[in-house]
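**Q** Below is the sequence, then the predicted model.
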Amino acid sequence: MANSPRELHPASVAVNKDDLVIPVNPPLRLSLIDFGPFFSGTPSDKHAVALSITEAFKTSGFLYLKNHGIPPSVVSQVFSSSARFFDRPQDQKNGLGWTTPQSNRGYVAIGREKLATLDETGEIDTRRKSAPDIKETMEIGREDVDGLPNRWPDHLDDEGKRFKETMLAFFEMCKNLHKQVMNSIALGMNLPEHFFDEFVSDGDNNLRLLHYPPVHKDVFKKNPDQVRAGEHSDYGSVTLLFQDRHGGLQVRSPRGSFVDATPIADTIVINAGDLLARWSNDTIKSTRHRVIQPPKPEDEESSSDIYPSRYSIAYFCNPNNNKVIKALPGTYGEDIHVAKKYTDVTAGDYLVQRLTETY
Ligand SMILES: O=C(O)CCC(=O)C(=O)O
Ligand SMILES: [Fe+2]
């Protein structure tokens, strides 16, 4: 059973109708939304869920989703399989290395990617040298794309074969959830429920397994710039983020302070990415976030000098690569006195350009 937000974060989180309201000024509300009624409720229940999801994306850009339809047993299987993958010898992992932004598939060793914000991309090289992100990742894309093979460990051993099966099944579940979340956004923005279907049919998404290795506490004390993953926004439509229990994910409030997105069991953290913000003519927010050391070491860990490993799974959802993204109906026009803010862009071109800046 999911812990209530109050149990998880007694000191700094007020609970308001199930939401985490983080008491910064202005408050940052990270809504905890029950997706159940979207699948099985009356049309008006469904509409209410759609409105709360869309409202969350328009205000904080982040929400927690429960009853999302992906069974907890599947999520824990994916976490275990991911941990076993990162436990492999370094040369096995290097043999499956990430190659190009176009492919965006394969293993990325510690220090290779430096997440950064849109306005500081020119400085990425300098920043990567001073405080590289302390993380390794495995990137998995849509299977069976000509010339862009996934880098599976299935030729190594049986465990590698099971890894491939587990990740492919999970990829499909997340792809379906993405479609449902887009349906809810469509309804919440007064568009036909299936408006986005033709945009998300291919599943040009990216499953990223993340491992933040154990770090000596001194590393963070000695370098105030050191983080596990630097401040950034995500690039695509929405990100489905599965966290373990350790914490460290933080969301940037409108005034610039960072607040903890405390792990809540059996929920998915969902945030909007830059391409969805652009698509919505900036009515939806793509909010910056980062990963630092865990907020307060749990009792059994507080006496240790080491922060333990943290694992997370990010499923980056994108529109089909070949789709042209232009401002959504209802987000601009003379009647509402709002101009289109961006030129049209092809989803694939936009994402490759953003990835090129990061690696
Ligand atoms: O590990 C996390 O909790 C967040 C990872 C993330 O934001 C990313 O990879 O874009
Ligand atoms: Fe992110």
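**A** Sure thing, it's come through. Ligands and ions are numbered 1, 2, ... in the order given.

**Q** Return the per-residue confidence for the closest residue to ligand 1 within the chain.
**A** As assessed by CB to the nearest ligand atom, ligand 1 sits closest to Ser312 within the chain, at 3.5 Å. In short, each C-beta sits where N, CA and C put it, glycine included. Looking at Ser312, its pLDDT reads 98.

**Q** List phi and psi for the most centrally placed residue in the chain.
**A** Central residue of the chain (CA atoms, centre = their mean): Thr239, 3.6 Å from the mean position. Main-chain torsions, Thr239, degrees, to the nearest 10: phi -120, psi 130.

**Q** That one contacts Asn318, correct?
**A** No: applying CB atoms under 8 Å, one finds Thr239 not in contact with Asn318, separated by 10.0 Å.

**Q** Show me what counts as buried in the helix or strand hosting the residue of the chain closest to ligand 1.
**A** Assigned by DSSP states H and E, Ser312 belongs to strand 310-316. Residues of strand 310-316 classed as buried: Arg310, Tyr311, Ser312, Ile313, Ala314, Tyr315, Phe316 (neighbour count, 16 or more other CB atoms under 10 Å).

**Q** got the contact list for Gly348?
**A** Asp204, Asn321, Asn322 (CB atoms under 8 Å, 6 or more residues apart in numbering).

**Q** Check whether the second one really touches Ala347, as I assumed.
**A** Yes: using CB under 8 Å, Asn321 is in contact with Ala347, at 5.7 Å.

**Q** of those two, who's got more company?
**A** Between Asn321 and Ala347, counting by other CB atoms under 10 Å, Ala347 is the more crowded of the two (23 against 17).

**Q** tell me the phi and psi of the more buried one?
**A** Note on Ala347: its backbone torsions stand at phi -50, psi -50 [degrees, to the nearest 10].

**Q** Around ligand 1, pick out the residues from this structure.
**A** Arg208, Leu210, Ala229, Asp234, Leu241, Gln243, Leu249, His289, Val291, Ser312, Ala314 (CB under 6 Å from any ligand atom).

**Q** just for the stretch 1-150 of the chain, where's the confidence low?
**A** Low-confidence segments of the stretch 1-150 of the chain (pLDDT under 70): 1-27, 113-130.

**Q** At which residues are the helices of it located?
**A** 5-8, 36-40, 43-59, 72-86, 90-94, 124-130 (DSSP state H, counting those that start in this stretch).

**Q** quick one: buried residues of the fourth one?
**A** It refers to helix 72-86. Val75, Val78, Phe79, Ser81, Ser82, Phe85, Phe86.
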